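1. need a 3D model of the sequence below.
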Amino acid sequence: MAEAAIDPELAAALDRLPESERSVEYYDFDQLDRTRAFEAAMSPGLSRSEAEARGVRIEDIPLNRDAVGPKRIRLYRTVVGAEPAPAARPALPALLWIHGGGMVSGAPEQDDAHMTAYVRALGIVIASVDYRLAPEHPHPAPVDDCFAAFGWLVDHAADLGVDPDRIAVGGSSAGGGLAAGLALMARDAGGPVPMFQLLVHPMLDDRTAHHSVPDVPDLGVWDRAMNVKAWDALLPGQRASASVSPYAAPARAVNLAGLPAAYLDVGSVDLFVAEDIDYAHRLEAAGVEVELRVHAGAYHGFDDIAPDAALSRSAELFRIDALRRAFGADD
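-> Sure thing, here's the model as predicted:
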């Protein structure tokens, strides 16, 4: 691993990762139900009592019972004592969060710890969307669900005590790609647009498997073969073709002007490093305010594999600070 220039703490965590949790073993595209169940068991989320002990209330709100559209919203809010009536409380900023999982797996629960940390640090409301997954629901279902969840959050802002003009969108990995796609959809639809994008090592380009990514070895976390299969699941028969929509693969977007300001981070040995750096530079060239941070020696999903590593802790703080500044709470 020395030649891959991996951070020592992250390398040690990777060495401790059982083979069953490496991407080649973990993601069985022939038995996705088994893979999803295994993933849910590995990241069960926080119990209500655990979250409340940290000062955060978690609530699940079902949205659709007919299997069309997002299944539910998982809300994270600060626990307060004697709550005043909603009209008497100042409206809070909010973050629509989108979980990762390669477009084929995952659930809001996997990010409970991160979302709890964000709420504790910022006092915001977070709504995490449980969107439909490929291959049962290929594009445009996942991004349509996320766009619908954004609309739900805007429409219910008053009920939730949220300022509809201060709603950011963010996500990790596939969720980061969906967040970027949502921002493009919102801009093009001419309706409410997120005020900010928090893009955490986002999955942006279906063509990555055909590109050379120097100095990024396959490490068994999210590798080229997994990436190809995931994009094939989302875009059956279309991956790497000229017909791919930028809402599915935001790196395909020709015009990035008019998008919300963005914070984008990625590891230097992440498969997505080249596409993420390129997207950040193109945002900047289009006049979009963007902050790019490349974490030296970090692989994909490092902050979940090694959450206590110094690099993981600092990455979380950088993201929280980016949201704090975006929401105008930097004083």
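2. in the stretch 1-150 of the chain, which spans are strands?
-> Counting by DSSP state E, counting those that start in this stretch, one finds strands in the stretch 1-150 of the chain at the ranges 56-62, 72-78, 92-98, 125-130.
3. what's the second one packed up against?
-> To tie it back to what came earlier, the one meant is strand 72-78. strand 56-62, helix 112-122, strand 125-130, helix 141-155 (3 or more Cβ pairs under 8 Å, 6 or more residues apart in numbering; DSSP states H and E). Where C-beta positions appear, they are placed from N, C-alpha and C, glycine not excepted.
4. and of the strands of the stretch 1-150 of the chain, who's closest to residue 303?
-> Nearest of these to residue 303, taken as Cβ to Cβ: strand 92-98 at 14.5 Å.
5. tell me how far the closest one lies from the chain's centre.
-> 12 Å (Cα atoms, centre = their mean, to the nearest Å).
6. restricting to C-alpha, output that strand in CSV.
-> What follows is strand 92-98, C-alpha atoms only, in CSV (Å, rounded to 0.1, in the frame of the first residue of the first chain):
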residue,chain,number,x,y,z
LEU,A,92,-34.0,27.3,10.6
PRO,A,93,-31.7,26.4,7.7
ALA,A,94,-32.2,22.9,6.3
LEU,A,95,-30.2,20.3,4.5
LEU,A,96,-31.7,17.7,2.1
TRP,A,97,-29.3,14.8,2.4
ILE,A,98,-29.0,11.9,-0.1
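7. need phi/psi at residue 286.
-> Dihedral angles of residue 286 (phi, psi; degrees, to the nearest 10) stand at phi -90, psi 0.
8. how about the contacts made by it?
-> Residues near residue 286 by Cβ atoms under 8 Å, 6 or more residues apart in numbering: 255, 256, 257, 259.
9. what's around residue 169, how many residues?
-> 33 (other Cβ atoms under 10 Å).
10. over to residue 35?
-> Residues near residue 35, counting by other Cβ under 10 Å, number 19.
11. how about it: what's its closest non-neighbour residue?
-> Distances taken as Cβ to Cβ, 6 or more residues apart in numbering place residue 28 nearest to residue 35, at 5.1 Å, with adjacent residues excluded.
12. buried deepest among the helices and strands packed on strand 72-78, which one?
-> Burial of those is given as mean neighbour count (mean count of other Cβ atoms under 10 Å); strand 125-130 ranks first at a mean of 26.
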